[in-house]
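S.K.: below are the sequence and a predicted model for it; my questions follow.
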Amino acid sequence: MIATAQHDTNATIVPTSEWRSEQLDVDAYLERVGYDGDLKPTAETLRGLHGAHVAAIPFENLDIVLGRGISLEMDAMQDKLIRRDRGGYCYEHNLLFAALLERIGFAVSRLTARIRMGSNEPQPSGHMLLRVDAGGRPWLADVGFGGQRLLEPIPLEDGATARQGSWTYRLDYEGAGVWVLRVWRPDGWFDLYSFTLEPRHHGDYGVYNYYTSTNPDSPFVKGVVVLKTERHLRRSLTGRRFTTTYPDGSIERRELSGAELIGVLRSTFGIALEAGEEAGIRSTYDPDHEDGGLL
């Protein structure tokens, strides 16, 4: 028998009121991602909204670098990612996307995953992703997985394979409630993360968010991380290093000065920073550059 999400859990959807989805400005969200298509809760709508979000809103951790906290309150997230043309990391992306989906009639479960990135060593559970029901079947949706984000949702079924641009993803059911998302690389299938279908609560993400944004071992505390997946290439900015990765596995890298880094944030990732924020980021990488007390 082919495993599907229905066979894997009897959990119920956590009530919408816990997530403050009613506070989301749907019109502003749709304008931010440039989506003007149908809003009926169908698989096609889910696919269109997912793709629009990934194309428009980058993954980034700049508020952590600037010494600020990451708020998971609805108004703070939409002010940052929607009104101020910023990006965010997995919790911000997927909490906003889940709220949008619920507002237009989708059934959504908020889940967590253990990052693998090719490793077999068990990692803490903490990455956020979504199960969405549409068209009579369950889907995995995830607009917040950094530089290897799904461009579109993938059917939540054992062995489901999806070609998205130049990238190919696959879902496998490992048993004991565990699913794995993989991406094809020139040397074979590469594990991205594993997850179960147990719904989480808002407070769970508060704990994960605190660890991810404050623990010295977190990669998001150590420097700038900005990531974007496009249909035929991936771009990443980690510290000073700007990297472009192509589907054939070839990679281009270059080291940036602080001034160049600010330019790449604007032109490549579409991140709008205020003058004081730009100065703060630049001073992190150019010690002689003063922030002028603007932060």
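M.R.: Sure thing, it's come through.
S.K.: confidence score at the residue nearest the centre of the chain?
M.R.: The residue lying closest to the centre of the chain (C-alpha atoms, centre = their mean) is residue 144, at 0.7 Å. On pLDDT, residue 144 comes in at 97.
S.K.: so it lies in a helix, does it not?
M.R.: No: with DSSP: H, G, I helix; E, B strand; the rest coil as the criterion, residue 144 is assigned coil and is not in a helix.
S.K.: surely it touches residue 96?
M.R.: No: using C-beta atoms under 8 Å, residue 144 makes no contact with residue 96, being 9.2 Å away. Where you see a C-beta, it was placed from the backbone N, CA and C, and this is true even at glycine.
S.K.: give me the number of residues near residue 276?
M.R.: Residues within reach of residue 276, counting by other C-beta atoms under 10 Å, total 14.
S.K.: hang on, it in a helix?
M.R.: Yes: under three-state DSSP, residue 276 sits within a helix.
S.K.: which elements pack onto the lowest-mean-pLDDT helix or strand in the chain?
M.R.: Ranked by mean pLDDT, DSSP states H and E, the weakest helix or strand in the chain is helix 275-285, scoring a mean of 88. Packing contacts for helix 275-285, counted by 3 or more C-beta pairs under 8 Å, 6 or more residues apart in numbering; DSSP states H and E, involve helix 62-65, helix 258-267.
S.K.: residue 203: which of the ones you listed is closest?
M.R.: helix 62-65 (20.6 Å; C-beta to C-beta).
S.K.: just the residues contacting the closest one, thanks.
M.R.: 69-70, 80, 86-87, 213, 220-221, 223-224, 226, 265, 271, 273, 277, 280-281, 284 (C-beta atoms under 8 Å, 6 or more residues apart in numbering).
S.K.: would you list the buried entries among those?
M.R.: The neighbour count (16 or more other C-beta atoms under 10 Å) marks 70, 80, 86-87, 213, 220, 223-224, 226, 265, 271, 273, 277, 280-281, 284 as buried among the contacts of helix 62-65.
S.K.: closest to residue 46 out of those?
M.R.: Closest to residue 46, out of all of the buried ones among the contacts of helix 62-65 and judged by C-beta to C-beta, is residue 87, at 21.3 Å.
S.K.: just checking, the closest one touches residue 53?
M.R.: No: using C-beta under 8 Å, residue 87 is not in contact with residue 53; the gap is 10.9 Å.
S.K.: how about the helices of the stretch 51-200 of the chain, start to end?
M.R.: Counting by DSSP state H, counting those that start in this stretch, the segments of the stretch 51-200 of the chain that form helices are 62-65, 74-78, 90-103.
S.K.: average pLDDT across the second one?
M.R.: When pLDDT is averaged over helix 74-78, the result is 97.
S.K.: what helices or strands is that helix leaning on?
M.R.: Contacts defined by 3+ C-beta pairs under 8 Å, 6+ apart place helix 74-78 against helix 90-103.
S.K.: helices and strands around the helix it packs on, which ones?
M.R.: Against helix 90-103 (3+ C-beta pairs under 8 Å, 6+ apart) you get helix 26-33, helix 43-56, helix 74-78, strand 107-115, strand 125-134, strand 137-141, helix 202-214.
S.K.: and residue 98, what does it touch?
M.R.: If you count contacts by C-beta under 8 Å, 6+ apart, residue 98 has them with 19, 21, 108, 110, 130.
S.K.: can you redo those as JSON lines with neighbour count, distance to residue 117 and pLDDT?
M.R.: As requested, these are exported to JSON lines (neighbours: other C-beta atoms under 10 Å; distance: C-beta to C-beta, whole Å; pLDDT from 0 to 100):
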{"residue": "19", "neighbour count": "21", "distance to residue 117": "28", "pLDDT": "95"}
{"residue": "21", "neighbour count": "20", "distance to residue 117": "31", "pLDDT": "95"}
{"residue": "108", "neighbour count": "24", "distance to residue 117": "26", "pLDDT": "98"}
{"residue": "110", "neighbour count": "22", "distance to residue 117": "22", "pLDDT": "98"}
{"residue": "130", "neighbour count": "22", "distance to residue 117": "20", "pLDDT": "98"}
